[in-house]
Each structure stands twice: as C-alpha cells, then as structure tokens.
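# sequence unknown, structure follows:
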C-alpha cells in the first residue's frame, strides 16, 4: 500500500482550492451571506443557530471523509466522456449530505431552543455567546500563526558557535525594524490614498514602535541566546521578521479603528482576509505540529472540511458582533489586542523551546561526530610484542606439525586385539 504524502502547505492549498471540493466553498459563501442578512434584519437567534448547525455538520464530516464511503458522497470525482450538464449536476450532488446534516441540526436547535421552547433561555444567549467567541478566534489566530510559522522554518543542517565579539542580536534587530517601518508606511499611506479625506496621523507610527519596543524588551534575553549560534540565529531572525510584521498589521488595525479611519467595507474585507489566513494557519498548525508528519485526524483529503467548519464558526462570530453588539469597534479592537498579546507571548515561549531543542540536537550531533572509532583487529604490518612472540612459540611447540614423519608399515591397532576368544562365555537364560 502506498504511503500518504505528508501534509505540507502546498498540499493544504491544493486541497482547499481543489475542483473536487470547490462546491463546499461556494456553499459556505452563499449560506454565510444569507445568514448574515438574516441577522441584520433582526433574526439573530435563527441566524446563530444556522451558523452553528452548519459548522457542526462539517466538523462531523471532516473525520468521516477519511473513509472511502463518505468521501465518495462529499467529493466530486470526474468521469470520462461526461457532458458539462452532467458534470455540474454531479458537482452539486456532493452538497446533499452537508446540507441535509446542517438543516437537521438547525431544525433541532430551533425546535429545542427557539421561542416558546423548552430551552428558550439558552437560545436567547447563543447569539451573544457566538459573538463573544470572536475573542477566542482572535487568540487562536495569534497562536496558530505563531506556531505554524515557527515550525515551518527549517533548521539549518550545520551550525557553529559564534565568537563573543560577534554574537549580537543588534543586526537582526535593525533588519526587523526596517521591515516594520516599511510596512507601517505602506499600509498607512495606502489607506490614506484610498480614503483621501483622512489627514496624516502620527499615531500609527507611535503604536507600531511602542509595541515593537515591548516585544524587544520581553524577548531580549532569548534574542541574545539565539545569537550565540549560527543556526539558532538564522531561525530566530526569520521568525521574528514574520511575527513582527503580523503584529504590526494588527497594531495598525487597532489605530485605524480608534481614529475611525476605516469604513465598514474595509473592515469587512480585512476581517475576511484574516478569516482565510486563520483557517489556513489553523489547519497547518494542527497537522501533527505542522512538521510535515502525517496525521490521522487532519489529512490533505479532509483539510477543506475542517476549514469550512471553522469558516462557518468564524463568519457567525463576525455576523453576530455586527448585529448584536452596539459598539462593534470596541469588540474588533479587543480582538486585535488579544492577537497582538498572544503573538508577543508566543515569541518568547515558542522561541525558548525551539532554541533548547536545537541546542540539544547540535550537541548530540557534535558528540557523535567527535567519537574516535579505533580498529580492534591488527593489520598484517603490525609487529608483535616480545611477550606475544614468547607465548606464540610455546604454543607452537605443543602443536604436532602436519608434516611429521609417518611409519606407513606399522600395522594399525585393531579394536579386538586384546580380546581372548578362547574363553568360555556363560550365557544366562
């Protein structure tokens, strides 16, 4: 049986964009849009039931899709010589099972937790709970991003300890600062260009540098530790570049929300991009610690279904905070702050464990390479010691030589020569 290929970033992207499962993404867009409109017109409870129901449906279908019988029901397999009409029909047939599951769960929730039902008190708090779940998605977004990017940076095969006069984190810190300033300028001025009515503001730059200073202060000891070895220095430098740019993006979003510099449309687009990024990073981070190993629960065949399940939950949270909460800005700011805090904390905790693992690996490698394996068998050119020669000579004297003279005329001794055959032998009855 052929082994499954490891679940890599490219295999996840191919799975999410595969024509075999594309109708599920189309269904997500249509259902989420309809439920968002339903929440906007005042039916937040019904809409929240729908988001949760379809999310649960895909959560159940994701692990089940590893079985061939379920995979054939929810994945499209093109057939030869099929017409365009038959192809479209077959593609949308794979939506029957998730739609049926979603509608069943939706109906159960509406019947048990709707108005005038047994659990109506629980049903009234579900929209607000789903909206507050946005905070959990924010923390998960920061953690998944930090974890996935940390593990995706490969460890150099070789590395050496750096001299005390050269192992300074200042050069990499300067590079990170340049990247952060460049991103701040590009994003801030791009929004000013799109929204021409916005005047110049110094607060985006102040916010970016303030958070950057906090990050440097918290991780300074680890930056110094990573700079002592060429391998750990390379990994830490790349990871700090990526995470600091991600932090800067969220800091700029916070400043724009406070200054009211973003329209509702731009906020929606930004949250949509973050949702897509979070879905991808969540799947990547959950696939056996994102190190390329196979996972029985998260595979390249069901990655899309996990992503769609997360997409319904994330879209439901965004829809609820835009419909239920009066102060949408405060909720969004709180979410961005939580993302920033999570990534800054992960910069320290994840880098510390990564450096320790790398140091141990390199110590083991250096120990193995330093072992001097000496041959235990003497070669023919080695000379024997006097004691060995004396012992050898004594042994040789006790061993009969193969070429000693043999008396070929001597009669061999027979086995019965000593027996007297004339004696009477008494037989016992």
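That came through, no problem. No experiment lies behind these values; they were computed from the predicted model shown.
# give the contact list for residue 354.
Contact partners of residue 354, counting by Cβ atoms under 8 Å, 6 or more residues apart in numbering, are 150, 232, 235. Placement of C-beta: from N, CA and C, glycine included.
# Next, the buried residues of the helix or strand that the last one is a member of.
Applying DSSP states H and E as the criterion places residue 235 in helix 230-259. Neighbour counts over helix 230-259 (16 or more other Cβ atoms under 10 Å) mark 231-244, 246-257 as buried.
# With respect to residue 125, which of the contacts of residue 354 is nearest?
Here the nearest of these to residue 125, counting by Cβ to Cβ, is residue 150; it sits at 36.9 Å.
# Nearest residue to the closest one in space, please, no chain neighbours.
Excluding the flanking residues, the one nearest residue 150 by Cβ to Cβ, 6 or more residues apart in numbering is residue 350, at 4.9 Å.
# Which strands and helices lie in contact with the helix holding residue 235?
With contacts defined as 3 or more Cβ pairs under 8 Å, 6 or more residues apart in numbering; DSSP states H and E, the packing partners of helix 230-259 are helix 120-152, helix 170-194, helix 203-226, helix 328-370.
# which helices and strands sit right next to the third one?
Applying 3+ Cβ pairs under 8 Å, 6+ apart, we find helix 203-226 packed against helix 170-194, helix 230-259, helix 328-370.
# neighbouring contacts of it?
167-169, 172-173, 176-177, 180-181, 184, 187-188, 232-233, 235-237, 240, 244, 247-248, 251-252, 254-256, 258-259, 340, 344, 347-348, 351-352, 355.
# the inter-axis angle of that helix versus helix 328-370?
Put simply, helix 203-226 runs at 20 degrees to helix 328-370, going by axes from the mean of the first three to the mean of the last three Cα atoms, to 10 degrees.
# buried ones in helix 203-226?
204, 207-209, 211-212, 215-216, 219, 222-223, 225-226.
# what does stretch 17-33 give?
Using 16+ other Cβ under 10 Å as the test for burial, stretch 17-33 gives 18, 20-21, 23-25, 27-28, 31-32.
# Skipping adjacent residues, who's closest to residue 56 in space?
Nearest non-adjacent residue to residue 56, counting by Cβ to Cβ, 6+ apart: residue 105, 5.4 Å away.
# what helix or strand does the one you found sit in?
helix 96-113.
# What is the distance between that helix and the centre of its chain?
With Cα atoms, centre = their mean, to the nearest Å as the basis, helix 96-113 stands 32 Å off its chain's centre.
# and that helix, what does it pack onto?
helix 22-40, helix 44-64, helix 68-74, helix 120-152.
# re the thing from before, for residue 143, state which of the contacts of residue 354 is nearest.
Looking across the contacts of residue 354 and measuring by Cβ to Cβ, the closest to residue 143 is residue 150, at 10.6 Å.
# give me every residue that touches the closest one.
Taking Cβ under 8 Å, 6+ apart as the test, what residue 150 contacts is 239, 346, 350-351, 354.
# Taking those, tell me the two that lie furthest apart.
Farthest pair in these (Cβ to Cβ) is 346 and 354. Separation: 10.9 Å.
# List just the one of the helices and strands packed on helix 96-113 that sits closest to residue 100.
For the helices and strands packed on helix 96-113, proximity to residue 100 was assessed by Cβ to Cβ; helix 44-64 is nearest, at 8.4 Å.
# pLDDT averaged over the closest one, what's the number?
Taken as a whole, helix 44-64 has an average pLDDT of 91.
# List the buried residues for it?
44-64.
# still on that earlier bit, what's the most buried one of the helices and strands packed on helix 230-259?
Highest mean neighbour count of the helices and strands packed on helix 230-259: helix 120-152, a mean of 19 (counted as mean count of other Cβ atoms under 10 Å).
# could you check the angle helix 44-64 makes with it?
Note on geometry: by the same axes, to 10 degrees, helix 120-152 and helix 44-64 are set 50 degrees apart in direction.
# So that it lines up with my notes, have the first residue be 203 from now on.
Sure thing, new numbering starts at 203, so read that last one as helix 322-354.
# what's the spacing between helix 322-354 and its chain's center?
18 Å.
# what do you get for stretch 303-317?
34 Å.
# Give me the neighbour count for residue 291.
Residues near residue 291, counting by other Cβ atoms under 10 Å, number 11.
# And for the one 3 residues further on?
Residues near residue 294, counting by other Cβ under 10 Å, number 14.
# Relative to residue 258, how far out is the closest residue to it other than its chain neighbours?
Nearest residue to residue 294, sequence neighbours excluded (Cβ to Cβ, 6+ apart): residue 225, at 5.8 Å. Residue 225 is 19 Å from residue 258, where distance means Cβ to Cβ, to the nearest Å.
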